[in-house]
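Visitor: Build me a model:
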Amino acid sequence: MSHFVVSARKYRPVRFDEVVGQRHVSQTLKNALQTDHLAHAFLFCGPRGVGKTTSARILAKVLNCENRTEDYEPCNTCPSCVAFNNNASLNITELDAASNNSVDHIRALTEQVRFQPQQGEYKVFIIDEVHMLSQQAFNAFLKTLEEPPPYAIFILATTEKHKIIPTILSRCQIFDFKRIQPNDIIEHLQGICQQEGITADEDALHIIAQKADGALRDALSIFDRIVSFSGDRIEYAAVIENLNVLDYDYFFRAVDYLLTEDRAGMMLLFDEVLKHGFDEDLFLSGLAAHLRDLLVCKDSATLQLLEVGERLRERYHQQAGIAPADLLLTALDIANACDLGFRTARNKRLHVEMSLLRMVTIRRAFRNEPVSLAPAGESPAPAAAPEKKSPEPAAAEPETAPAAPEPELPNEQPPVSPMAPPPGIPGPAAFASVDMNSLIAEAEEEVGRSLPDEELPPLDDEHLRGAWDVFLAEQHGTTLAVYLKQALPSVRGEGEIVIRVGSARAHASLRDDDSLIAHLRKTFERPNLVMLLEHDESLKPVQVQTKKRLTAKDKFLAMREKNPALDELRRRFDLRPEE
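Guide: Okay, here's the model as predicted:
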């Protein structure tokens with residue numbers, strides 16, 4: 001049985017040019033080597049599997065390489081490079097801070113810094129997952145990291161930069177590694193397929209790249225898993241089966257049902273997805289992503305955001321051509337609202353089904369037509385028009401009226417272009433045919449007819465005082481009522497009431513309590529009534545009396561006045577309540 005090496009280790013980059021998707025880091029390090037402006041401490045931070053430790057190992061190898069290339073790459077043939085490749089280099093020390101995070105481990109590391117390199121110019125210390133060091137370990141490492149010997153180079157790597165203390169960050173040159181783009185991952189996987197003699201569909205590699213979420217190491221692990229499953233031929237169907245990914249065809253069919261307003265087809269499609277073992281939220285999120293991709297295809301400026309293969313790209317173009325942007329945006333909004341309430345829904349399947357039915361009825365809602373519950377294939381009967389009554393008798397009509405000729409239907413329908421909507425389905429122009437101005441005018445006219453033709457209650461000082469007294473009676477005994485008794489209300493203009501108060505405390509109390517203005521608006525039937533507060537020093541400020549808190553001595557003296565015998569009792573038992 002041969003010794004198998006996973007692709008992440010077998011095809012690990014050994015040169016800066018082989019690092020995928022991090023050219024901004026590789027080129028900066030090579031320029032620093034060329035100009036001899038190399039820092040003594042580096043911090044490589046970024047997501048997992050993007051090349052942080054790999055770049056640190058390459059930099060450590062280049063520093064001690066005896067035969068650097070012209071573009072400052074390691075030769076991989078000198079004794080230093082060979083020793084490093086065989087994990088036998090004494091000048092390069094790697095420390096995993098996840099399992100060596102105590103003060104003793106850092107002190108042992110700093111002791112090694114004191115010894116000069118036995119071979120080469122530099123001693124390189126690579127500390128992976130440096131954010132796992134304890135607070136005491138960070139403090140013990142500060143002095144050495146700030147003023148190391150000239151031959152010592154520190155390279156720190158972390159996935160959680162925010163957990164590193166600022167004193168460490170200020171002593172390092174920071175490089176931010178970014179997520180690797182799907183196109184770069186696909187290109188790298190295609191190169192591995194050529195070397196391994198594997199035939200792979202481009203759509204299958206797209207699924208692997210999207211599943212990796214920007215991490216090349218995860219993509220290589222998924223690639224090894226798929227190769228073990230399907231052998232030398234990687235097909236799209238095998239990838240989605242092994243990774244438990246919903247096929248794109250489900251979402252294309254869902255949008256077709258949305259365009260044709262096929263409720264039964266949408267419900268059966270969702271049931272088919274659930275029978276295959278997929279969760280409701282997985283289908284919902286996939287449909288939302290599909291609607292987003294269709295919107296991306298609507299504009300050539302955003303077409304670059306579509307991350308699919310060439311075969312699927314053409315299919316996206318065809319469906320985006322017959323799907324109006326307004327409909328897609330409304331359906332995407334429904335999917336987003338459904339996703340927000342999915343976790344709190346008790347019947348999750350019904351929650352998603354209701355959202356799917358809303359998507360199907362979007363076009364009917366835009367056309368302002370009633371939703372029909374007729375079975376598929378049957379058209380609902382048109383509603384009968386209301387009879388118009390006339391006060392005067394209509395003129396006599398002839399006994400026989402000529403019937404309107406029925407339009408002849410052609411036997412053959414014209415061919416439908418792939419970019420045009422299918423027959424019976426309104427295209428994007430149908431949404432522009434609605435006259436919104438006429439609808440608004442009709443609504444305003446209807447509202448005007450529904451309003452009662454009654455006069456509002458009069459608003460003057462006399463009626464205001466009456467409403468004021470009613471409110472005072474309701475608030476009897478409260479602090480607000482005390483302030484209102486000293487205030488002077490008056491009417492100013494058509495919709496303003498001015499209340500003059502004599503103290504800042506009364507002003508604040510009336511400002512923070514909206515019960516008075518609510519009472520006045522309801523009494524005078526004016527929802528836009530405004531209450532203004534004015535300070536009048538001529539009004540006497542209200543003094544709210546507060547009860548004095550009695551001490552133990554005060555209570556005893558009060559009781560003694562009612563019963564003098566208590567004083568004799570106090571002297572007999574030597575009690576001293578006065579204290």
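
Visitor: can we go C-alpha only for contacts and neighbour counts from here?
Guide: Noted.

Visitor: which SS state does T302 fall under?
Guide: Using DSSP: H, G, I helix; E, B strand; the rest coil, the three-state assignment for T302 comes out as helix.

Visitor: what residues are up against it?
Guide: V296 (C-alpha atoms under 8 Å, 6 or more residues apart in numbering).

Visitor: rerun at 10 Å
Guide: By C-alpha atoms under 10 Å, 6 or more residues apart in numbering, the residues touching T302 are D293, L295, V296.

Visitor: For A288, see how far away it is.
Guide: Per C-alpha to C-alpha, to the nearest Å, T302 is found 17 Å from A288.

Visitor: thinking again about what came up before, need the contacts of T302 in JSON lines with distance to F556, can you?
Guide: Below are the contacts of T302 laid out as JSON lines (distance: C-alpha to C-alpha, whole Å):
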{"residue": "D293", "distance to F556": "85"}
{"residue": "L295", "distance to F556": "85"}
{"residue": "V296", "distance to F556": "86"}
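
Visitor: domain assignment for this protein?
Guide: Here the chain is described, according to automatic domain parsing, as comprising the domains 7-176, 182-242, 269-366, 461-535.

Visitor: quick one: which of those is nearest F251?
Guide: Nearest of these to F251, taken as C-alpha to C-alpha: domain 269-366 at 5.7 Å.

Visitor: so which strand or helix has the closest residue to L287 other than its chain neighbours?
Guide: Excluding its sequence neighbours, the residue lying closest to L287 (C-alpha to C-alpha, 6 or more residues apart in numbering) is F251, at 5.7 Å. Element membership for F251 (DSSP states H and E) is helix 248-260.

Visitor: and if you look at E534?
Guide: Per DSSP H and E: strand 530-535 holds E534.

Visitor: what sits up against that strand?
Guide: For strand 530-535, the surrounding residues in contact (C-alpha under 10 Å, 6+ apart) are 487-492, 494-504, 506-508, 510-511, 514, 516-517, 520-521.

Visitor: can you do 8 Å?
Guide: Outside strand 530-535, the residues touching it (C-alpha under 8 Å, 6+ apart) are 495-504, 507, 511, 517.

Visitor: Same question for stretch 284-293.
Guide: With C-alpha under 8 Å, 6+ apart as the test, stretch 284-293 has contacts from 246, 251, 254, 306, 316, 328-329, 331-332, 335-336, 339, 352.

Visitor: among those residues, which ones are buried?
Guide: Neighbour-count burial (16 or more other C-alpha atoms under 10 Å) applied to the contacts of stretch 284-293 gives L246, F251, A254, Y316, L328, A331, L332, A335, N336, D339, V352.

Visitor: Take those and keep only those in helices.
Guide: F251, A254, Y316, L328, A331, L332, A335, N336, D339, V352 (DSSP state H).

Visitor: In space, what's closest to the fifth one - neighbours in sequence excluded?
Guide: When you say that, I think you mean A331. Leaving aside its sequence neighbours, A331 sits nearest to M359 (C-alpha to C-alpha, 6+ apart; 5.4 Å).

Visitor: Show me what counts as buried in the helix or strand that that neighbour is a member of.
Guide: Secondary structure from DSSP H and E places M359 in helix 348-360. Residues of helix 348-360 classed as buried: K348, R349, H351, V352, E353, S355, L356, L357, R358, M359, V360 (neighbour count, 16+ other C-alpha under 10 Å).

Visitor: Surely the fifth one and A264 touch.
Guide: No: applying C-alpha atoms under 8 Å, one finds E353 not in contact with A264, separated by 11.2 Å.

Visitor: residues contacting R68?
Guide: Contacts of R68 by C-alpha under 8 Å, 6+ apart are V62, P74, C75.

Visitor: circling back to that earlier point, can the domains of the chain go into CSV with extra columns for distance to E561 and mean pLDDT?
Guide: Putting the domains of the chain into CSV (distance: least, C-alpha to C-alpha, whole Å; pLDDT from 0 to 100) gives the following:
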stretch, distance to E561, mean pLDDT
domain 7-176, 70, 88
domain 182-242, 87, 87
domain 269-366, 68, 87
domain 461-535, 32, 81
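
Visitor: CSV for these, including distance to E568?
Guide: CSV is the format used below for the domains of the chain (distance: least, C-alpha to C-alpha, whole Å):
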stretch, distance to E568
domain 7-176, 71
domain 182-242, 91
domain 269-366, 72
domain 461-535, 43
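
Visitor: E496 bridge partners, please.
Guide: Here E496 sits in beta bridges with R492, V530, going by DSSP bridges.

Visitor: Next: the one 4 residues further on.
Guide: Using DSSP bridges, the bridge partners assigned to R500 are L488, E534.

Visitor: Distance-wise, check it relative to Q190.
Guide: R500 sits 82 Å away from Q190, going by C-alpha to C-alpha.

Visitor: and these two? which has more neighbours close in?
Guide: Shown here are R500 and Q190; by other C-alpha atoms under 10 Å, R500 has more neighbours (21 against 18).

Visitor: can you give me the strands in the stretch 151-300 of the chain?
Guide: 152-158, 173-176, 199-200, 233-234 (DSSP state E, counting those that start in this stretch).

Visitor: Just send those strands back as JSON lines, with mean neighbour count and distance to T144 too.
Guide: Listed next are the strands of the stretch 151-300 of the chain as JSON lines, based on neighbours: other C-alpha atoms under 10 Å; distance: least, C-alpha to C-alpha, whole Å:
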{"stretch": "strand 152-158", "mean neighbour count": "23", "distance to T144": "10"}
{"stretch": "strand 173-176", "mean neighbour count": "16", "distance to T144": "15"}
{"stretch": "strand 199-200", "mean neighbour count": "16", "distance to T144": "51"}
{"stretch": "strand 233-234", "mean neighbour count": "19", "distance to T144": "51"}
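
Visitor: What backbone torsions are found at the residue nearest to I198 when sequence neighbours are not counted?
Guide: Nearest in space to I198, with sequence neighbours left out and distances taken as C-alpha to C-alpha, 6+ apart, is D232 at 4.7 Å. For D232, the backbone dihedrals (degrees, to the nearest 10) come out as phi -80, psi 0.

Visitor: Widest-spaced pair of the contacts of stretch 284-293?
Guide: L306 and V352 (26.0 Å).

Visitor: now the helices for the stretch 151-300 of the chain?
Guide: With DSSP state H, counting those that start in this stretch as the criterion, the stretch 151-300 of the chain has helices at 166-169, 182-196, 202-212, 216-230, 236-242, 248-260, 263-275, 280-296.

Visitor: same deal with the stretch 401-550 of the chain?
Guide: Using DSSP H, counting those that start in this stretch, helices in the stretch 401-550 of the chain cover 429-432, 436-450, 461-474, 479-486, 504-512, 515-524.

Visitor: Tell me which helix or strand comes right after the host helix or strand of I106.
Guide: Under the criterion of DSSP H and E, I106 resides in helix 103-113. Counting by DSSP H and E, the next helix or strand C-terminal to helix 103-113 is strand 123-128.

Visitor: Output the contacting helices and strands for that following strand.
Guide: Helices and strands touching strand 123-128, by 3 or more C-alpha pairs under 8 Å, 6 or more residues apart in numbering; DSSP states H and E, are helix 52-63, strand 92-96, strand 152-158.

Visitor: who's in contact with it?
Guide: Identification of contacts with strand 123-128 by C-alpha under 8 Å, 6+ apart yields 53, 56-57, 60, 91-98, 113, 116-117, 151-158.

Visitor: Isn't Q181 up against G214?
Guide: Yes: shown here, Q181 and G214 form a contact pair, counting by C-alpha under 8 Å, at 6.0 Å.

Visitor: if you count what's nearby, which of those two comes out ahead?
Guide: Taking neighbours as other C-alpha under 10 Å, Q181 and G214 compare with G214 leading, 22 against 17.
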